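>>> Structure for the following, please:
(chains A and B)
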Amino acid sequence: MNPAAAREVYQKIVANISRVMQGQAGPTRKLLAALASGGHVLLEDFPGTGKTTLAKALARSVDARFKRVQFTPDLLPSDILGVSIFSQRDQLFHFHEGPIFTNILLADEINRASPRTQSALLEAMAENQVSVDGERRDLADLFFVIATQNPVEFRGTYPLPEAQMDRFAMQFTLGYVQPTEEVAVLSAQVTTHPLEELASCVTLADVTALKRAAQSIRISEELKRYIVDLVGATRTANGVQLGASPRASIALMKGAQALALFDGQEFVTPEQIQELAVAVIAHRIVMQPQARFSGLTARGVVEDIVQKTKVPA
Amino acid sequence: MKPPPLLLGAVLLFWGWQANLLWLGAIMGALVESALVFKARWDFSDEDFERIWSLCSLLLLAMVLFAFAQNDGLSIFGDFLTDRDLNSQRGAAIATARTASNLLRWLPIAFFPFLMAQTFSTRDSIPLTTISHILQRRWKLARKAGENPLPGRGFNVGFPYFCMTLLSASFHEAENNTYFWGFCGFLGWALWTLRSRRYSLAVWASIIIVAAVAGYFGQRSITYVQRYIVSLNAQWLARFLRRSDDFFQSRTQIGRVGQIKNSSAIAIRLTPHQPHDVPEYLREATYRRYENRIWFAGSSRDDFSSVNEVPLSATNQPYWPLVPERPARSSVRISCYLDGSENGVPAGLLPLPSGTKLLTNAPAFGLKMNTAGAVIAQGPGLLVFDALYGPGPTYDSPPGTNTRRANRPDSNRLGPPRPPPNFQPGSDENRRGRGWGRRYVEDEDRDVPPEEVPAIEMVLEELGLTTNTPPREAMHRLAGFFNDKFSYSTWQRGQKLSEGETPLSHFLLTSRTGHCEYFATATVLLLRQLNIPARYATGFAVHEESGDGYVVRFSDAHAWALVWDNLQQTWIDFDTTPASWIEAERRGTVVGRWFRDMWSNFKFELAKFRYGQSNLRKYILWIVIPGVGLLLYQIVFRRDRKRRRYRKQDEAFFANWPGLDSDFYQLEKQIATRGITRGEAEPLGDWLRRAVATPELADLREPLEELLQLHYRHRFDPLGLNTIDRENLRTLTSRCLEMLTAKPATAS
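Okay, here's the model as predicted:
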């Protein structure tokens, strides 16, 4: 697929989602960048801001298998991965695939499950495979996890382990929309939810091609260095206990490639890196407790680094 | 753990009252407690706290310097380094104690910025790493090694500051109990909020009261013990602190057992006006009566008369005449320290060549001399003057002068002289040397103490000298006697003296070894027994060349005899100490002496600077201020400096990137001149969007955006531009530049 066609696929999905999600062009763009770069996304926001709706809108827009797991405190790893059950008929164990064997997985309210269950996703998200009963099982080529969570300070939740956080390419919030757009949301839902009427607009093959096209976007050594500088700066920043990993650099590069594709460019420019820096880096940083209490946030640290690091021009 | 409200303000006020800084304490207290009214808070980061801490440390350092300078620490420690006698040790100890107590009293001022920062910050605790550089370093090293050490515990400055302020208040001047009861009150107040709720209020209060009462009596008894020890100490010290040399008495080391030590520090510098024309001796004082190992000025003690400076005239420079209208043959420049004081003004005996007629170029405030030839000058701590001297009459009084008048108030009585009625030979009073006038003396310059007479007579008999021997002959034989049969040593063995033996007779008859004081004393007494007037002179011997002048060390201190020359009617120097004494006194390694001399030279230059022009303290302040300023600057801008250095590395790295020859940068520069500048971290795209949003550049939007695309391809596309596009970039840029320059800049 040439870049122009890939860009067309992107625009189709955006148009489809925007029929449901009003005024969320930025988050949609980031979501699709994650999809195209092969990363997973964690949406964190207050209840009712449209996290699930966005995930479902994307799932419906793509003609692919979609499964949803509602995370609850009593959810077990086997509820996600699958389980081998002994069959009386042929006296053998048969593996029953869990919801993870799909193309798009919506892990709703992921922080309500115990860390044990959350960790079940680790291997799947990092390596596109699961090991059950000592046997390796590959997942689909397109495997995209959209997880949502409420801010961790709320009751009855388990904060995601750092290792799990690192598996997400991006984390971002939707935020409240402008009043006029919120009115439009109300108007659209007077009778039915527009989501019900949403039809798929691209095929699985289109999305796979989009991913491949994103990989072909060129990036100069200088910008790679810029990415490494940005990520490296988090490791020595004030108030940071644990900086971002090289996995963050990779995710940032891939995300920037996808954005460049969306922008109709054949190479990455510094703007695209800056645009994704906070979404890609911030959630991987572990802040010092005192820094947290003094109001310093990971987001603030990354924004500060972006504003202070010399950008190639 | 925060202190209760108002506690810090109150304790600062209390500190101000106790430390005599009431207004400062009140202002500081009010500032701290203004946090109760004034609700704004700042979000200081760890780095900010580190900087404020560094500022406080600097303040402390400045205070150390200031306190040190204020207590004359520099000069006192200079003395201490050159000459470690009890006096300078005591001075150094006192200066140290004063500096320390001033410093402790001012501690709350130094750390006040830190307290304010904590009070007005949003944080309740500050990590320990901000104040401990060791922790900080360890933490950073661990980070560098890839570990993730847990951040240390935090603390609140409130209580530590409270304790420090109470400690500072303890250096109070008032001699009463206000501090103690205030201290108890504040501790009770502070503990009140922290008390354990397990026990009833009554138990808590009674324990506090018991502790306070016990503390009161405890500190009272400690004070008594301390006073007792201090008084013991004072009595003990007084035995040593008496100056051994002054104009009315010279306490000799005769009879003292063990090694005599003299510092090899430089005491005097001489610069002769004709090469090598220097006096052999510099005399400080002469003494007339010997009693119990002490030489007294005798009747010359109180007959000081002041010398008036002859003012500048057409023929003469101003000068201080010592002997009226006598021509002088030689002249020498002498620099010496006035190390005593009189009425708060530095004063001291001047070391002068014998036969000094007058002094010139002497910036003294006043000069006085007595009949025994001691000249005391008042002036700056360092006196540099020219002494003109030559043979002929000296300013010493002739033999026998004033003896009766000074010695016996009842001298108008006729009849043979009698001892005073309350005189008891060998009494304690006499031995202490205070009673110089107890024994009746007819002529001080011919007097020999009776207890020394037997030994003296035996020596004279040995030499075959009688009162009939001509003085020249007697002196000649005495000199030969001491030179042949005696040896010089600064070491005296401890030997029990037999009945009727004195240290001097032991020297003359038995040991025949000793230092210059033995020789000079023996010579004087021997001459006197021969009825030749003689006096005991102390001062320095000049023998060590240094540069174009001479230096005289404390170890060159010397004693010798003055003999009255009846023919010339003048006193002449007569030194019987074997010449080996100079070698014997030269002690210490060459390197050690070299270092001491360097220090001495430095001090000398400093003293010239100090007394020549103005107060040294001012200069210290002027040295300290820029230093502190420089350090402050470094603290404030250190972060920037680090970042700048980091950037420099980066720039070196960036310098090799492709596409840096792009013409677009000219355009960026041109647009920046219109006030639309780009920050380092702002991508060109964002900046250009800002630029074309201004009305004056709006019509350039399309070509500029096209140019940016070309530039970006040139810079960031690994494939780069082909030659056509590269040319396009160039031409389009120059066209845009032309359009830009054609437009008048209005926005800026």
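
>>> near chain B, which residues of chain A?
Residues of chain A lying near chain B by Cβ under 8 Å from any Cβ of the partner chain: A:218-223, A:225, A:229, A:236, A:238-239, A:241-242, A:266-271, A:274, A:288-291, A:293-296, A:306-313. Using the backbone N, CA and C atoms, a C-beta is placed for each residue, glycine as well.

>>> which among those end up buried?
A:219-220, A:222-223, A:225, A:229, A:239, A:241, A:267-271, A:274, A:288, A:290-291, A:294, A:296, A:306, A:309, A:311-313 (16 or more other Cβ atoms under 10 Å in any protein chain shown).

>>> From these, which land in strands?
A:Q241 (DSSP state E).

>>> Okay, and which of the buried ones among the residues of chain A next to chain B map to helices?
A:222-223, A:225, A:229, A:270-271, A:274, A:290-291, A:306 (DSSP state H).

>>> Pick out whichever of those residues sits closest to B:T165.
Each of those was scored against B:T165 by Cβ to Cβ, and A:Q290 proved nearest at 26.1 Å.

>>> Just want the residue of the stretch 51-200 of chain A that's nearest chain B.
A:E162 (10.9 Å; Cβ to the nearest Cβ).

>>> pLDDT of stretch B:453-461, averaged?
What stretch B:453-461 shows for mean pLDDT is 88.

>>> Using the three-state scheme, assign B:W622.
Classification of B:W622 by DSSP: H, G, I helix; E, B strand; the rest coil places it in helix.

>>> likewise B:W594?
Applying three-state DSSP: B:W594 is helix.

>>> same question, B:I676
Classification of B:I676 using three-state DSSP returns coil.

>>> Tell me how many other residues surround it.
19 (other Cβ atoms under 10 Å in any protein chain shown).

>>> got it, and B:S125?
The burial count for B:S125: 17, using other Cβ under 10 Å.

>>> Spatially nearest residue to it, not counting backbone neighbours?
B:G154 (3.1 Å; Cβ to Cβ, 6 or more residues apart in numbering or on different chains).

>>> Test for you: state the pLDDT assigned to that neighbour.
75.

>>> Touching, it and B:T129? I think so.
No: applying Cβ atoms under 8 Å as the test, B:G154 and B:T129 come out as separate, 9.4 Å apart.

>>> which one of these two has more residues nearby?
The neighbour comparison of B:G154 against B:T129 (other Cβ under 10 Å) goes to B:T129, with 22 against 17.

>>> A helix includes that one, no?
Yes: under three-state DSSP, B:T129 falls within a helix.

>>> Distance of it relative to A:N238?
11 Å (Cβ to Cβ, to the nearest Å).

>>> Tell me the residues that contact both of the two, please.
Listed as contacting both B:T129 and A:N238 by Cβ atoms under 8 Å, 6 or more residues apart in numbering or on different chains are B:D46.

>>> Please enumerate the helices of the stretch 601-748 of chain B.
B:616-654, B:664-672, B:684-693, B:701-716, B:723-742 (DSSP state H, counting those that start in this stretch).

>>> Which residue is the nearest non-sequential neighbour of B:L631?
Spatially, and ignoring its direct neighbours in sequence, B:L631 is nearest to B:L58 (5.4 Å; Cβ to Cβ, 6+ apart).

>>> Pull out the buried positions in the strand or helix carrying the one you found.
Using DSSP states H and E, B:L58 maps to helix B:46-70. For helix B:46-70, burial by neighbour count (16+ other Cβ under 10 Å) applies to B:46, B:49-60, B:62-69.

>>> again, but for stretch B:12-29
B:12-19, B:21, B:24-25, B:28-29.

>>> picking that back up, does the residue of the stretch 51-200 of chain A closest to chain B touch A:Q241 like I think?
No: under the criterion of Cβ under 8 Å, A:E162 makes no contact with A:Q241, lying 10.2 Å away.

>>> Between those two, which contacts overlap?
With Cβ under 8 Å, 6+ apart as the test, A:E162 and A:Q241 both reach A:V286.

>>> quick one on the thing from earlier: mind putting the ones in helices among the buried ones among the residues of chain A next to chain B in TSV, pLDDT and distance to B:A520 included?
Below are these laid out as TSV (pLDDT from 0 to 100; distance: Cβ to Cβ, whole Å):
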residue	pLDDT	distance to B:A520
A:E222	90	92
A:L223	93	95
A:R225	91	88
A:D229	92	85
A:P270	93	95
A:E271	93	99
A:Q274	94	94
A:Q290	82	78
A:A291	81	81
A:V306	93	90
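
>>> Find the helix or strand that the nearest residue to A:P246 once chain neighbours are set aside is a member of.
Nearest residue to A:P246, sequence neighbours excluded (Cβ to Cβ, 6+ apart): A:V231, at 7.4 Å. Assigned by DSSP H and E, A:V231 falls within helix A:221-236.
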